[in-house]
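In: Please find the sequence and the predicted model below.
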Amino acid sequence: MTSGLFARHRHGDADAEPGLVDFAVNVRGGPPEFICDALAGRIGDLAHYPSISDQEKAITAVATAHDRSRDEVLLLAGAAEGFELLPRLAPTHAALIQPSFTEPELALRSAGVPISDVVLPPPWELAPDAVPDSADLVVLGNPTNPTSVLHPVSAVDGLRKPGRLVVVDEAFADITLDVSTGAGEPASIAGTRADDVIVIRSVTKTFGLAGLRAGYLLAAPDIIAQLAVGRRPWPLGTLALTALTECLGPAGRRHARVQAEVVATERAEMVAQLTAAGIEVCAAPSASFVLTAMPNALEIKERLRDKGFAVRSAANFVGLDDRHIRLAVRDPQTTRSLITAIDEVREELGT
């Protein structure tokens, strides 16, 4: 698993030190006011164990948002918990579409599940035929972290075959828009009922709730039942259940739509600024982050820290290397200040 910047378990929060301008973590600011109000209103209930009523409300909110039945929903203490539960399905061979989020690999390897890395070449278009026929579990991100590539539904559907489960990490799906029509979540399959597809989602990114672990999993009822067996009591706390109910409710869905539009505008400006500065944008981005490549990226990263900026090296992702840096989408003025700092560093390095 290597170490330091190359360690699989390293995430962007390790770079986002207090006082630095944060381009390392893909979380959108702080929680909106209506979420803060809902959470504050439950502080007085924290002396009590999480209630069945709160759990049922959260399940209903998720099911309604995705037009699923309640028995197709499993609430999670963060999307990462969903990957930790996958070994309960007893896969014999997992294929991971790479580069991608590292937690599925860590969870499956720790359970002794044999893994094949299916490394896609830039610009990382999904190639279903590259997956070994023997893989009975396939995991991919959509949009993918850290490439920000959004795979079309048809390509994801191409991964399906008899005897195989397809797991789609949609942690950033609620912030995607169709570039032609403006429709929200154009490649999401969260509303698709299928016995062989599992969708894992999070509310912590778009709603600024990374410190409150909350997510959910959507799958056929029998899969939900297998994943839930032996789970600890009260897997989610009262505040996490409240957050899920609010984020998946009408106000939450409106907020996600607004954030998707803001991200699309800010991302387009970021790409324009990066390109104008001669910084390579590796693929057309669809999420709240942009993957870049530049010479001396690790040295640039360290010098940016000295100038007050945190950026995320992507060197620890399978299929990427020490040239790659992932940047969270920020407003144009903040992006401009980062690029000015990058220009200064490159001048210092003579690159």
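Out: Yep, it's here.

In: where do the helices sit along the stretch 201-350 of the chain?
Out: 221-228, 238-247, 250-276, 297-306, 332-349 (DSSP state H, counting those that start in this stretch).

In: Which one, of the ones you listed, ends up nearest to S154?
Out: Closest approach to S154 among the helices of the stretch 201-350 of the chain (Cβ to Cβ): helix 250-276, 21.9 Å. All C-beta spots, glycine's among them, are computed from the backbone N, C-alpha and C.

In: Now do the buried residues in that closest one.
Out: 252-253, 255-257, 259-260, 263-264, 266-267, 269-271, 274 (16 or more other Cβ atoms under 10 Å).

In: Stretch 182-195 now?
Out: Neighbour-count burial for stretch 182-195 [16+ other Cβ under 10 Å]: G184, E185, P186, A187, S188, I189, A190, T192.

In: any idea how far the last one is from A47?
Out: By that I understand T192. To A47, T192 is 41 Å away according to Cβ to Cβ, to the nearest Å.

In: does A95 sit in a helix, a strand or a coil?
Out: strand (DSSP: H, G, I helix; E, B strand; the rest coil).

In: ok, it touching A135?
Out: Yes. Taking contacts as Cβ atoms under 8 Å, A95 lies within contact range of A135: 3.7 Å.

In: overlap in contacts of the two?
Out: When contacts are counted by Cβ atoms under 8 Å, 6 or more residues apart in numbering, A95 and A135 have S116 as shared neighbours.

In: The closest residue to L241 other than its chain neighbours - how many residues pack around it?
Out: Excluding the flanking residues, the one nearest L241 by Cβ to Cβ, 6 or more residues apart in numbering is D54, at 4.2 Å. Residues contacting D54 under the criterion other Cβ atoms under 10 Å number 21.

In: Repeat that for P91.
Out: P91 has 22 nearby residues by other Cβ under 10 Å.

In: That one belongs to a strand?
Out: No. Secondary structure assignment places P91 outside any strand; it is coil (three-state DSSP).

In: For it, give me its contacts.
Out: With Cβ under 8 Å, 6+ apart, P91 has these contacts: L108, V113, D136, L137, L165.

In: give me the low-pLDDT residue ranges for the chain?
Out: Along the chain, the parts satisfying pLDDT under 70 run over 1-16.

In: And the residue nearest the centre of it?
Out: A171 (3.7 Å; Cα atoms, centre = their mean).

In: So the chain: which segments form each domain?
Out: Following automatic domain parsing, one finds the domains of the chain at 4-30+257-349, 33-252.

In: how far does the first one sit from the chain's center?
Out: Here the centre of domain 4-30+257-349 is set off from its chain's centre by 16 Å, with Cα atoms, centre = their mean, to the nearest Å.

In: Please enumerate residues in contact with stretch 185-197?
Out: 66-68, 72, 142-143, 150-153, 156, 160, 164-168, 170, 173-174, 176-178, 199, 201, 218-220, 222-223.

In: Check these for burial and list the buried ones.
Out: 66, 68, 72, 142-143, 150-151, 156, 164-168, 170, 173-174, 176-177, 199, 201, 218-220, 223.

In: between the helices of the stretch 201-350 of the chain, which gets nearest to L20?
Out: It is, among these and with distance given as Cβ to Cβ, helix 297-306, at 6.7 Å.
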